[in-house]
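Visitor: Could you work out the structure for the sequence below:
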Amino acid sequence: MKKVLIVEDEPHIRLLLRELLATGDFQVEEAADGREALQKVRVFFPDLIIVDLIMPNLNGLALFREIRSDSTLMNMKVILLTGNPLASLDKEMAAGVDLYIGKPFSPKQLLESIHRVLKND
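Guide: Sure thing, here's the model as predicted:
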């Protein structure tokens, strides 16, 4: 069973993602901001982290940098959810994130993308 950490500050989007992942064979944990996510990622050790870009208490890019700079976490797969234009992200980030998904997203396409990213693991 693959483990997924959802990092999203909007409760209704976390619920949507949790219900979507419930249709697959995933063990799911949630975090409402980047700081909570950093604590959970070190205990839960997810196979995939789905991260919102804009969050309080450590945004998605800062969280991503923390994960990639930690040798015990750096190989975790990361999908970044963003409502912002991707052109605003620097090349360093573009090279390290496994997948960008724009908001709003299609639940079916997101689930297919999750399976594709995890299959490449």
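Visitor: ok, the residue nearest the centre of the chain - contacts?
Guide: The structure's the chain has its C-alpha centroid closest to residue 50; by Cα atoms, centre = their mean the separation is 1.5 Å. Shown in contact with residue 50 (Cβ atoms under 8 Å, 6 or more residues apart in numbering): 4, 5, 6, 7, 8, 17, 79, 81, 114. To be clear about C-beta, it is placed using only N, CA and C from the backbone, and glycine gets the same treatment.
Visitor: Same check on residue 33?
Guide: For residue 33, the contact set (Cβ under 8 Å, 6+ apart) comprises 7, 9, 55, 56, 57, 58.
Visitor: can you give me the strands for this protein?
Guide: For the chain, the strands defined by DSSP state E cover 2-7, 26-31, 48-52, 77-82, 99-102.
Visitor: Could you export stretch 30-45 as PDB, CA atoms only?
Guide: Presented in PDB, the C-alpha positions along stretch 30-45 are these (Å, rounded to 0.1, in the frame of the first residue of the first chain):
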ATOM      1  CA  GLU A  30      -3.000  15.100   6.000                       C
ATOM      2  CA  ALA A  31      -1.300  18.400   7.000                       C
ATOM      3  CA  ALA A  32      -2.900  21.800   6.900                       C
ATOM      4  CA  ASP A  33       0.400  23.800   6.400                       C
ATOM      5  CA  GLY A  34       4.100  23.300   5.600                       C
ATOM      6  CA  ARG A  35       5.300  23.100   9.200                       C
ATOM      7  CA  GLU A  36       2.800  20.400  10.100                       C
ATOM      8  CA  ALA A  37       3.800  18.600   6.900                       C
ATOM      9  CA  LEU A  38       7.500  18.600   7.900                       C
ATOM     10  CA  GLN A  39       6.700  17.000  11.200                       C
ATOM     11  CA  LYS A  40       4.500  14.400   9.600                       C
ATOM     12  CA  VAL A  41       6.800  13.600   6.700                       C
ATOM     13  CA  ARG A  42       9.600  12.600   9.100                       C
ATOM     14  CA  VAL A  43       7.300  10.100  10.900                       C
ATOM     15  CA  PHE A  44       5.000   8.900   8.100                       C
ATOM     16  CA  PHE A  45       7.600   8.700   5.300                       C
END
